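Enquirer: I'll drop the sequence and a predicted model, then ask my questions.
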Amino acid sequence: MSLSRLVLLSLCSLLTRGTSATHIPWKPRRVPATPLWVHSPYINWLMPSDNATGDWVWHVRNDKVGSMTALVRIDNVTYSILGPLHTACPTNDSTLAVPPLQQISPPIILPTRTVYSFTSQSVDINMTFASPKYIEDMDSYTPVALFTVEAISKDLQSHYVSVFFELTGQLVVDNDQNNVSWAEDDIQFPSPTVKSMHIYNPDGKPLREYSPFNPANYKGGQPTNHLDWGAAHLTVLNGTMWGGSSNIARSVFATTGGLPTSPSETFMPIPACRPVGGAVGICKCAQGGYGKNNDWPSLTATWDSTVSDKSISVANAILSYNDEISARYFGIDLQEYWRRNGKTHSDLLKSTVEDYSQILSNCSSYDEELVEEFLEAGGSDFAAVSALSYRQVLGDNSLLWFPGFGSNTTYAGAFLLVKGLGSSGDTGTIDDNYPASLLYLWRQPELLNALLRPINIFMLNLTYIQNSSWPYNMTWQHAFSIHYLGQYPIAELQCWGNNYKGSGPCEAMPLEMTADNLQMLAIAAITTGNYTTAKLFMKLLQNYADYLVANGLDPTLQLCSDDFEGPSAHNANLAAKSIIGIGAFSKLCSALGNNTCAQHYHQIASKYAANWSVLAAGGRGGAHTRNYGTPDSWSLKYNLLWDTILSTNLFTHNVFEKECNYYMSNNSTTRQQYGWYLDDRSETDDRHLTNAGWAEWAAAMCGDEAVADLYNRIRIFAETTPDRYSLTDYYNAVNARRILFEGRAQMGGFGATLMLHKIRQNQNKEIKIKEK
């Protein structure tokens, strides 16, 4: 087979199943970390290396390794295709040192799939991880990934190919000293060729109390940094399975192409990792290496087949997790959204087995559809960054079902709980998801209601129970919206004592959160025409609007989402957000037929917008100032974008033009090698910071040239940064070093370009209809 045929095989044939080839006008490039199994903040596993065999599979927090490995055996020669099973550690056991199969190029990363391509002298191999999560289909947000390996002969001769895959106990423990056990699944699948096992922590307790926890100041940590309750399942189609020592299983496969013939090991529970000499810490490369004292208990599977010149699927497996209880909200256990009508994990596995081929085909079609839209909206660099960010954004959240308060189901509905990855693990955080809000709006506005429902239920003091203990005796006494509700996956005001830089309970950001809340609820209702949720919270929303009227034009000293430099007063970007928030409430009133309300708030917002143009005048290069009264300053006024999204039209075209002209000017300092500065303080701050999510909004606001410029810089950052984390939004725009955070929903800022593109398309359709 020629190289051109290999490339075609990788980019076309194996990217599609029963559909025409997906056109991908960018070559696969190096990224900081490649998504493999990404579902939620806990189930979030990536490869932080250019090659699939260059490192272990790491958790998104970069503090846990080795959740899965894979080998392939071609005509009795064994190679590694996932994990550093060749050079990671010295070893006294030669059967455990397996050379890597040659990887053709960096992996192909699509919205729902990652595809690795390998080649040997006689056979080409493709390994795919698929996460069938479609943003508009909330029932697809399941803890499932599909693993497939396909092969084709290069020399037109038949070749014998075997595949080995394992899930280790690292998936189900918080640290290596936790014990794990394993067992076969008691599930009646439609075919006897389907086998399934699970591995679990027998000591894990769902959502146990915090440790450490300080009731004196209401501050506490997450219950764990990782899932250590529930079970990880490996379900295999037409293969064999075994549970026990990873070393034993890999050694047998490396020499025979199969698994141990004896039954699965039964000496359990055992530690999730057994390092040399009883050492503690990450089980990676303890002295002595991959010998029998460095081992993981794991679930292992093998498949074998004879391949010829037609591509065939050699290995097919389903990776899934059953945590039963995923989060807690003021004492109420929450399950994932897909379970709301009684569906069980067993039901999920059986339906996934039955629809396996169709799911892969659906992923292919969906990827093709999204890539086409990405390209049309923003070009190839935009499409590449968006494809990389898609799973990351959804994987920073858990989509849950809130059943209401006992028999009172008035407020029942979806909850979208985010985790502040790379920071303190906060949950219910409005501004952690706000940058992705336009991505949600683009295809599933109900996610905006799900994001704000837990916040606003608390804001109405519906979680309050008279004569009870903390946190049920807590009420919110402020007119502005709370910032967040706790620490993932428990929302019970553990953040109450977080008075960051004197901000107030739960790191208060009064104007920021209040305006965000108003804007997102208003646009969700107006876009869908469904005002049920907005009506439930209408009194609260009017309180928010009145707070913005009283405080929004000239902000006092306070934090906002640009808190990297601390609190500030007279913040022009924050004021613009507040003004548009007032306009959002006016639009909502109008949609509900309350013209008096609509006119009242629109007049105020219009007056404030005109005043803002005067107060913020005098910024550098004709732009507006960062803070009122600071001549020669500038900042990205990304909040102005919502004036277009909501069609409030409060700010003149001249305001947008001045801002965008400065950003794109050759004399501007905004555009740096790896991104756009957030404001003029980045020039002298040693961190030279950017926030990519906000820059994505600013670029979308400024049009096609700005979008092409920014995403070219973000793409180069992703190719260049030495920090192998999931794509960070907070980094140094000069040297491409990560400052903080990883895997956050903030990278959903690409939704701004998609949403504006959608608005333009709808406007063009309306024009054509009128012309007819």
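Expert: Now that the structure is in, tell me what you want to look at. Numbering: from 1, shown residues only.
Enquirer: And the pLDDT at G281?
Expert: Looking at G281, its pLDDT reads 38.
Enquirer: and what of H59?
Expert: 91.
Enquirer: Pull the distance from the strand or helix carrying A315 to the chain's centre.
Expert: Element membership for A315, per DSSP states H and E: strand 312-322. On the basis of Cα atoms, centre = their mean, to the nearest Å, strand 312-322 sits 22 Å off its chain's mean C-alpha point.
Enquirer: quick one: the helices in the stretch 551-700 of the chain?
Expert: Assigned by DSSP state H, counting those that start in this stretch, the helices in the stretch 551-700 of the chain fall at 572-591, 595-615, 641-645, 653-664, 692-702.
Enquirer: ranking these by burial, who's on top?
Expert: Ranked by mean neighbour count, the helices of the stretch 551-700 of the chain are led by helix 692-702 with a mean of 28 (mean count of other Cβ atoms under 10 Å). Every C-beta, even on glycine, is put in place using the N, C-alpha and C of the backbone.
Enquirer: Could you figure out how far that helix is turned away from helix 653-664?
Expert: Relative orientation of helix 692-702 versus helix 653-664 (axes from the mean of the first three to the mean of the last three Cα atoms, to 10 degrees): 120 degrees.
Enquirer: any chance of the helices of the stretch 551-700 of the chain in TSV, plus mean pLDDT and distance to L171?
Expert: Output for these, formatted as TSV (pLDDT from 0 to 100; distance: least, Cβ to Cβ, whole Å):
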stretch	mean pLDDT	distance to L171
helix 572-591	98	41
helix 595-615	98	50
helix 641-645	98	40
helix 653-664	98	44
helix 692-702	98	29
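Enquirer: For Y628, which residues are in contact?
Expert: Going by Cβ atoms under 8 Å, 6 or more residues apart in numbering, Y628 touches D554, H570, A572, A575, L615, A616.
Enquirer: For the helices of the stretch 551-700 of the chain, give me TSV that also has distance to L485.
Expert: Below are the helices of the stretch 551-700 of the chain laid out as TSV (distance: least, Cβ to Cβ, whole Å):
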stretch	distance to L485
helix 572-591	21
helix 595-615	28
helix 641-645	24
helix 653-664	34
helix 692-702	21
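Enquirer: and of these, who's closest to M241?
Expert: M241 sits nearest to helix 692-702 of all the helices of the stretch 551-700 of the chain, at 42.3 Å, using Cβ to Cβ.
Enquirer: what's the closest of the helices of the stretch 551-700 of the chain to D323?
Expert: Nearest of these (Cβ to Cβ): helix 692-702, 28.5 Å.
Enquirer: Centre of the chain to that closest one, how far?
Expert: That offset, for helix 692-702, works out to 19 Å (Cα atoms, centre = their mean).
Enquirer: Just the CA atoms from the following helix or strand past that helix would do, formatted as CSV, please.
Expert: Going down the chain from helix 692-702, the next helix or strand is helix 704-720, by DSSP H and E. Output of helix 704-720 as CSV, limited to C-alpha atoms (Å, rounded to 0.1, in the frame of the first residue of the first chain):
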residue,chain,number,x,y,z
ASP,A,704,-14.2,36.9,9.9
GLU,A,705,-10.7,38.5,9.8
ALA,A,706,-10.6,38.6,13.6
VAL,A,707,-11.8,35.0,13.9
ALA,A,708,-9.2,33.8,11.5
ASP,A,709,-6.5,35.7,13.3
LEU,A,710,-7.3,34.5,16.8
TYR,A,711,-7.8,30.8,16.0
ASN,A,712,-4.6,30.7,14.1
ARG,A,713,-2.8,31.9,17.3
ILE,A,714,-4.7,29.4,19.5
ARG,A,715,-3.9,26.6,17.1
ILE,A,716,-0.2,27.5,17.2
PHE,A,717,-0.4,27.7,21.0
ALA,A,718,-1.9,24.1,21.1
GLU,A,719,0.9,22.9,18.9
THR,A,720,3.6,24.7,20.9
